[in-house]
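S.K.: predicted model, plus sequence, below.
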Protein chains: 2
Amino acid sequence: PARKFKKVVEAAKSIKQLGQDDPRRVIHCLKVGLALTLVSLLYYCKPLYEVFGDTGIWAVLTVVMVLEFTVGATISKGLNRGFATLFAGALAIGTEYFSRLFDRKAEPIVLGVLLFFLATTSSFTRFIPRIKARYDYGVMIFILTFSLVSVSGYRTENLLEMAHHRLSTIAIGGATCIIMSVFVCPVWAGKDLHNLTASNLEKLANYLEGFGGEYFQADPDHEEEGITITASKDDKALLQGYKSVLNSKNTEESLANFARWEPGHGGFHFRHPWNQYLKIGALARQCAHLIEVLDGYINSDIQPPPEIRNKIRESSTKMCLELSQALRALVSSIKTMTDPSAADPHVKCSKTSINDLKIALEAASELENVDLLAIIPIASVASILTEIAKCVERISELVH
Amino acid sequence: PARKFKKVVEAAKSIKQLGQDDPRRVIHCLKVGLALTLVSLLYYCKPLYEVFGDTGIWAVLTVVMVLEFTVGATISKGLNRGFATLFAGALAIGTEYFSRLFDRKAEPIVLGVLLFFLATTSSFTRFIPRIKARYDYGVMIFILTFSLVSVSGYRTENLLEMAHHRLSTIAIGGATCIIMSVFVCPVWAGKDLHNLTASNLEKLANYLEGFGGEYFQADPDHEEEGITITASKDDKALLQGYKSVLNSKNTEESLANFARWEPGHGGFHFRHPWNQYLKIGALARQCAHLIEVLDGYINSDIQPPPEIRNKIRESSTKMCLELSQALRALVSSIKTMTDPSAADPHVKCSKTSINDLKIALEAASELENVDLLAIIPIASVASILTEIAKCVERISELVH
C-alpha cells in the first residue's frame, strides 16, 4: 500500500509538472470547458432550443472535435470541417433528389451504390501525401457528412430544413472554436515553430560550447580530484539536449503545416516563409547527426594521450567556441527578428580556425614516440568539427 | 491548356502509382465502402429501422471514424470508442439523474458546471504522454459522449432507452469495422513493423556494400572512361535509401503502438516483444547517423591521394562487405524468424578487420611524401566504420 501511495504521489507530481512546464496547457483545457459550456446553451436556453431543436447537438460535437491546442490546428480543422460539410451536404442532397426519381424500392440500391462509390474514391484520396498533410480531416468529414445525410435522408421528409439547421449549428460550433482560440490566450503554431527553431540551434550551441571542455580539458589529474565530475553533472544534461533535435522533423512539419493556416500575428504576417524554418531545421538535424557521432568519441574507450590532446586543445576549443557563438548570435537574431550580421565574424573566425586546427594536427603528428593510431580519434573529431562548421555557415546563410 | 492537361496526366499517374506501390491501399478503400454500405442497411431495411430508428446513424458515424488502415489501429480505435462511450454514457446518465434532484431552473446550471469541470480535467489528461500515445482517441470520445448525453438528456424523457439504442448501434458499427479489418484482407501493423525493421537494416547493408565501391574503387582512370559513372547511377539511388532510416522513429513508434492491440497472427503471438523492434530501430538510426557522416566524405572536395587509398582499400572494402553481409544475414533471419547465428561469423570477421584496417592505416602513414592531412579523411572513415561495426554487433545481440 505504501508503494502504491508513493506511485500515486509521483504520478500527481508529474501531472503537476506538465502544467508548470507549459501553463498554456491548463489555459487550453479551461478554454475547452468554457467553449463546451457556451454551446450547450443552445440546448439549455429555451429560445435558442426552439430555433435549432435537436440539431444543437452538432455544435457540441463540432466543439469537441475542432478545438485544438494551437490556433493553426483549430482554424485548419474548423475550415476543413465547414467546407467539407457544405460540399458533402450539397452533394448528398443532390444524390437524394436524384434517387427519388426512381421508385421507392430501387431508391436504397441507387443510394447504396453511390455511397459505396463515393466512400471508396474519397478514402483513396487520403493516401495522397499532399492531401493527407493538409486536408485529411476534411476528407474524413466529407465522407462522414455525405453518408450521414444520404443515409438519413432516405427517412426524412424535409431534408433541406434539416441540412440548413445542421449546417448553421456546425457553423456556430466552428465559429465558437475559432473565436476562442484566436482571441482567448491564443497559442500560435507559427510562434511555436519559430521558438522551436531557435531553441534547437541553441541546443547545438550548448553542446559545442560544452564539448571543448568535456573532451579536451578532461585532465586526468583533475578527474582524480573529482572536480570536473561534479562540475559537469549539470553540463551533461545540457549536453544531451541535442538529442531532441535528432527527431524534431515531424514536430516541425506539423507546426509548419498549421502555421500556414494562421492569420498574421505579432511580427509574422499571413504568408510568412515557413518553409525556410523547415530548411533550417533540416540543417540543424544534419548538425545534430554530426554531433551524435562526435559524442561517441567522448564516451569512447580509446582516448588520445594527453600530449596530443594538449597540442590541439587550443585550436579546437577556440573553434568550438566560435561555432557556438555564431549559433548563439543566429539564435538571438531569430529571437529578436533582426539582422543576423552579428554572427558573421564568428563564422569567419571558425573558418580561419579550421586552418589553425590543421596546423596543430600536423604539429601533433610530428611529435616523437606518437603512434598514428592515437591520432586517429582526434583527427576524426577535427574533421567532424570542420563539417559542423560548414553546416553552421549554411544555416547562417539561410537565416539572412 | 496543353500544360494543364500534362499536369492532370501526371497527377493521375502518381495516383495510379500510389495504388500500385501498395495494392492494400485500394483494398482498404473498398473495405471502407463495403462497411459503410453494410451499416447503412440499418436505415434502408425496414425491420432494422423499426428497431433502431434514427440512432442507426451512430453506426455510420462509428464506421467512418473507426475503420483504419491497419488492424491494430482499428481495434485500438474501436475499443477506445466502445469503452469511452460506455463509461461516459453511464457517467452522464448518473449526472442527469443527479441534476434532476434540483428544480428545473437550477438543472442547467448544475449540468453546466459539471460539464465544464469534466471537460477541463479530461482535456488535461490528453497532455499526459502515456495517455496521449494510447488512449487519446478514447479520451476525446469520452468528452464527446459525456457532453452529448448530458446536454441532450436535458430535453429527453426516456434517457435510458436512447442510451441503450445508441450504445448498441455504436457496438454494431464498431464490430463491423473490427470484423472487416481482421477477416477481410487484414493489414497487420505488427507485420508492417517487422518488415520495416528488416527493410531498414537492408538499406544500411545496401549502403555499406556500395560504399566500398564508391569511395575506394573510384579510380580516376576508370572515371574518364565513363564506366563507373554510368554503372553507379542505379547504385546511387540504392545508396540514398539509408536516408529514410534517419526519420523512421515516429512511424516505428506508432506501428508498435498499434501492434500491441493486435491479436496473434501468423508467427506473432499476442504479447510479441514489440519493444525489441523499437530498440533495434534506435540502433539502426544510430548507424544511419554514422552513415550520414560517412556519406559526407564521398561528396567531400578533399579526396585522399590514390596511393593512400590503395593501401587501405582492401581492408576497408572487406570490412564494409563483412558488415553488410552480417546485416543481410540478420535481415534474412528476421524475415524467416529463424536463429540469426548465420550472422555471427560475419560479425566476428568484421571485428578482425578492424585490426587489419588499423595496420593498413599505419602502413599508409609510413609512406614517404605523404601529408598527414591527406590521411585524416581516410582515418575518419575508418574510425566511423569501426563505430558502425560496434552498432551492428549490438543489433545482432538484440536480434538473438
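M.R.: In hand now; what should we look at?
S.K.: which positions in stretch A:75-91 come out as buried?
M.R.: Taking 16 or more other C-beta atoms under 10 Å in any protein chain shown as the neighbour-count basis, stretch A:75-91 is seen to contain the buried residues A:75-82, A:84-86, A:88-89, A:91. Bear in mind the C-beta positions are built from the backbone N, C-alpha and C, glycine included.
S.K.: between the two ends of stretch A:325-344, how far is it?
M.R.: In stretch A:325-344, first residue to last residue: 10 Å (C-alpha to C-alpha, to the nearest Å).
S.K.: just give me how far that stretch sits from the chain centre.
M.R.: The chain centre lies 22 Å from the centre of stretch A:325-344; the measure is C-alpha atoms, centre = their mean, to the nearest Å.
S.K.: for that stretch, what is the average pLDDT?
M.R.: Per-residue pLDDT values over stretch A:325-344 give a mean of 76.
S.K.: stretch A:286-301 too?
M.R.: If you average the pLDDT values across stretch A:286-301, you get 74.
S.K.: could you give me the buried positions within that stretch?
M.R.: A:286, A:287, A:288, A:289, A:290, A:291, A:292, A:293, A:294, A:295, A:296, A:297.
S.K.: could you do stretch A:330-342 as well?
M.R.: Applying 16+ other C-beta under 10 Å to stretch A:330-342 flags A:330, A:331, A:333, A:334, A:340 as buried.
S.K.: for chain A, where's the lowest mean pLDDT among helices and strands?
M.R.: helix A:220-225 (a mean of 44; mean pLDDT, DSSP states H and E).
S.K.: coming back round to it: considering only the buried residues of stretch A:286-301, which also neighbour chain B?
M.R.: Contacts with chain B within these, as defined by C-beta under 8 Å from any C-beta of the partner chain: A:286, A:289, A:290, A:292, A:293, A:296.
S.K.: now, which of these lie within strands?
M.R.: Assigned to strands by DSSP state E, none of those qualify.
S.K.: out of the residues you listed, list just those in helices.
M.R.: A:286, A:289, A:290, A:292, A:293, A:296 (DSSP state H).
S.K.: ok, which stretches of the stretch 301-400 of chain A are helices?
M.R.: Assigned by DSSP state H, counting those that start in this stretch, the stretch 301-400 of chain A shows helices spanning A:306-336, A:344-365, A:372-399.
S.K.: and the second one, how far out from the chain's middle?
M.R.: Helix A:344-365 sits 36 Å away from the centroid of its parent chain (C-alpha atoms, centre = their mean).
S.K.: gap between residue A:34 and residue A:63?
M.R.: Using C-beta to C-beta, to the nearest Å, residue A:34 is found at 10 Å from residue A:63.
S.K.: what do you get for residue A:254?
M.R.: 22 Å.
S.K.: compare these two (neighbour count), which wins?
M.R.: residue A:63 (26 against 16; other C-beta atoms under 10 Å in any protein chain shown).
S.K.: now do the contacts for the more buried one.
M.R.: A:32, A:35, A:36, A:39, A:173, A:176, A:177 (C-beta atoms under 8 Å, 6 or more residues apart in numbering or on different chains).
S.K.: chain B contacts on the stretch 101-250 of chain A?
M.R.: So the stretch 101-250 of chain A meets chain B at A:108, A:111-112, A:115-117, A:119-121, A:123-124, A:127-128, A:140, A:143-144, A:147-148, A:151-152, A:154-155, A:246-247, A:249-250 (C-beta under 8 Å from any C-beta).
S.K.: just the buried ones out of the residues you listed, please.
M.R.: A:108, A:111-112, A:115-116, A:119-120, A:123-124, A:127-128, A:140, A:143-144, A:147-148, A:151-152, A:154, A:246-247, A:249.
S.K.: now do residue A:37 against residue B:90, distance only.
M.R.: In terms of C-beta to C-beta, residue A:37 sits 21 Å off from residue B:90.
S.K.: start and end of stretch A:121-129, how far apart?
M.R.: So stretch A:121-129: terminal residues 15 Å apart, C-alpha to C-alpha.
S.K.: secondary structure element holding the most centrally placed residue in chain A?
M.R.: For chain A, residue A:251 is the residue whose C-alpha lies nearest the centre (C-alpha atoms, centre = their mean; 2.4 Å). Using DSSP states H and E, the element containing residue A:251 is helix A:249-259.
S.K.: that helix to helix B:249-259, inter-axis angle?
M.R.: 100 degrees (axes from the mean of the first three to the mean of the last three C-alpha atoms, to 10 degrees).
S.K.: so which elements touch the helix or strand containing residue A:199?
M.R.: Element membership of residue A:199 [criterion: DSSP H and E] is helix A:189-211. The criterion is 3 or more C-beta pairs under 8 Å, 6 or more residues apart in numbering or on different chains; DSSP states H and E, and the helices and strands that helix A:189-211 contacts are helix A:71-99, helix A:227-239, helix A:243-246, helix A:249-259, helix A:274-298, helix A:306-336.
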